[in-house]
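Colleague: build the 3D model from these lines:
(one chain, ligands or ions: 1)
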Amino acid sequence: MDFEFTEEQKMFRDAFRDFVQKEIAPLVEEAEKKEKFPRQILKKMAALGYLGVDYPPEYGGAGLGKMGGCICIEEIARVCVGISAAIIIHTENSIISVFNHGSDYLKQRYLIPALKGEKLGAFGLTEPNAGSDVAGIQTRAVRQGDHYIINGTKMFITNAPVCDFILVAAYTDKSKGVRGGMSLFMVDADTPGYSCRSLEKVCFRSSETGELTFEDCKVPAEHLVGQEGKGFGYIVEALAGGRVIHAARSVGLATGAYEASLKYSQERVQFGQPIYKNQAIAFKLARMATSIEAARWMAYRAAWLMDLGKESLKEASMSKLFASEMAVDVANEAMQIHGGVAFTMESPVQRFFRDSRLFTVTEGTSEIQQLVISRELGLR
Ligand SMILES: Cc1cc2nc3c(=O)[nH]c(=O)nc-3n(C[C@H](O)[C@H](O)[C@H](O)COP(=O)(O)OP(=O)(O)OC[C@H]3O[C@@H](n4cnc5c(N)ncnc54)[C@H](O)[C@@H]3O)c2cc1C
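Modeller: Purely as a prediction, here's the structure:
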């Protein structure tokens, strides 16, 4: 067993950490206040090979696999989870199925411009009446000659208010059920009939979220991703990779909250000594550091399995479940260590606290992860 990053991975992490501090950190405050994703970072990341690092170089990626993707997202989330959310949806969800199953036409039109930072993608699965129950979506795509006509509503869609395109899940034949009747389409945001209502959020504020409506959206037949009726399978395949990335994001947030707490505990003096000198505070920090370490190993092991092409559905869900709940606990303890100052908007930990709370809900709730894990354990 080798518990070390390779030299290449270490160099990538150190260089990217530096990039995040110089190019992303200064944008966070304004992005959070205005609820605007600072889109300019996409092109800067792309120029240095940081966007979509898990994709092969021929499409503009860095070929660093899921391990590289995890390193990248962990570093961004240490500084800002909202920005990491927009980037994850863009690189992991909006184009992954085109990479896996799309035609050359779709790759040229969406994958390559997305990895160059020229186009921003979104991913539309959730609907007002269908979240965990993906099979319950009501969006329909009906074939008419060389087009499909899409009708439906998508809810809580990251990047929707500012995206250039969206990967949409729709039933092409509901009678065939979720495994044979759901399909995926690439839809341009300027397609007539496409409209978006922005949603104001309590967290992830530097990513933009919306409710989308498709009203008789006419989409060319060649925008179907892969084969008709195979969409659910493509989504399931993509979600496992997404869960590992989400685990790494939780590790990043928790690390940021821990580092802020450690620093504060050394600076804040009460009863004539820094507060970390109290065992109650030191033990909190010890437990926080221990949980982060455990979650980090789970996330990177799942990513490593994925990069080797080994079975990793259970490990992906386990790492997502454990890391997201760990991040909620760590952010909560960070609030306690900071005392009253945590409750001002100037404090960095209030943002970690708000952002962490969504981790156990997105990309499959904790309950759904336990469903997946128990199935994988044979407990059907
Ligand atoms: C800020 C934000 C950004 C998002 N971005 C996107 C995006 O870009 N694209 C996209 O498609 N979606 C996105 N989502 C949607 C997100 O993935 C869903 O919110 C999530 O899947 C949960 O669905 P739901 O909110 O409908 O909750 P529900 O499915 O209604 O669940 C409510 C509660 O019931 C529980 N529950 C449901 N079914 C079961 C069961 N069988 N057993 C036990 N418990 C159960 C859940 O675990 C949860 O606790 C986003 C959401 C938010 C808030």
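Colleague: mark out where each domain of the protein begins and ends.
Modeller: The chain is divided into the following domains under automatic domain parsing: 7-115, 121-232, 238-376.
Colleague: the ligand is nearest to which of these?
Modeller: domain 121-232 (1.8 Å; C-beta to the nearest ligand atom). (C-beta placed from N, C-alpha, C; glycine too.)
Colleague: now whichever strand or helix holds A257: how far from the chain's centre is it?
Modeller: Per DSSP states H and E: A257 is located in helix 231-267. Centroid separation for helix 231-267 versus its chain: 8 Å, with C-alpha atoms, centre = their mean, to the nearest Å.
Colleague: give me the contact status of it with the ligand.
Modeller: No: using C-beta under 6 Å from any ligand atom, we find that helix 231-267 stays clear of the ligand, coming within 9.4 Å at best.
Colleague: near the ligand, which residues of the stretch 201-350 of the chain are found?
Modeller: With C-beta under 6 Å from any ligand atom as the criterion, the stretch 201-350 of the chain meets the ligand at residues K201, F204, T209.
Colleague: so which of the residues you listed belong to strands?
Modeller: Members of those lying in strands (criterion: DSSP state E): T209.
Colleague: and the helix holding A257, what's buried?
Modeller: In terms of neighbour count (16 or more other C-beta atoms under 10 Å), helix 231-267 has its buried residues at 231-235, 238-258, 260-262, 264-265.
Colleague: in space, what's closest to V134 - neighbours in sequence excluded?
Modeller: L125 (6.4 Å; C-beta to C-beta, 6 or more residues apart in numbering).
Colleague: can you give me the distance of that neighbour to D2?
Modeller: 36 Å (C-beta to C-beta, to the nearest Å).
Colleague: ok, those two, which is more surrounded?
Modeller: Higher neighbour count among L125 and D2: L125, with 22 against 6, using other C-beta atoms under 10 Å.
Colleague: show me the contacts for the more buried one.
Modeller: V134, I137, K154, A169, I235 (C-beta atoms under 8 Å, 6 or more residues apart in numbering).
Colleague: can you confirm the fourth one is in a strand?
Modeller: Yes: read with DSSP: H, G, I helix; E, B strand; the rest coil, A169 is one of the residues of a strand.
Colleague: so which strand or helix has S198?
Modeller: Assessed by DSSP H and E, S198 sits inside strand 194-199.
Colleague: what's the helix or strand where S84 lies packed up against?
Modeller: Element membership for S84 (DSSP H and E) is helix 81-88. If you count contacts as 3 or more C-beta pairs under 8 Å, 6 or more residues apart in numbering; DSSP states H and E, helix 81-88 packs onto helix 25-34, helix 40-47, helix 65-79, helix 231-267, helix 348-357.
Colleague: how about those helices in TSV, adding mean pLDDT?
Modeller: As requested, those are exported to TSV (pLDDT from 0 to 100):
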stretch	mean pLDDT
helix 25-34	97
helix 40-47	96
helix 65-79	97
helix 231-267	96
helix 348-357	96
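Colleague: of all these, which lies closest to T91?
Modeller: Of all the helices and strands packed on helix 81-88, helix 65-79 sits nearest to T91, with 7.6 Å by C-beta to C-beta.
Colleague: and the closest one, how far out from the chain middle?
Modeller: That offset, for helix 65-79, works out to 10 Å (C-alpha atoms, centre = their mean).
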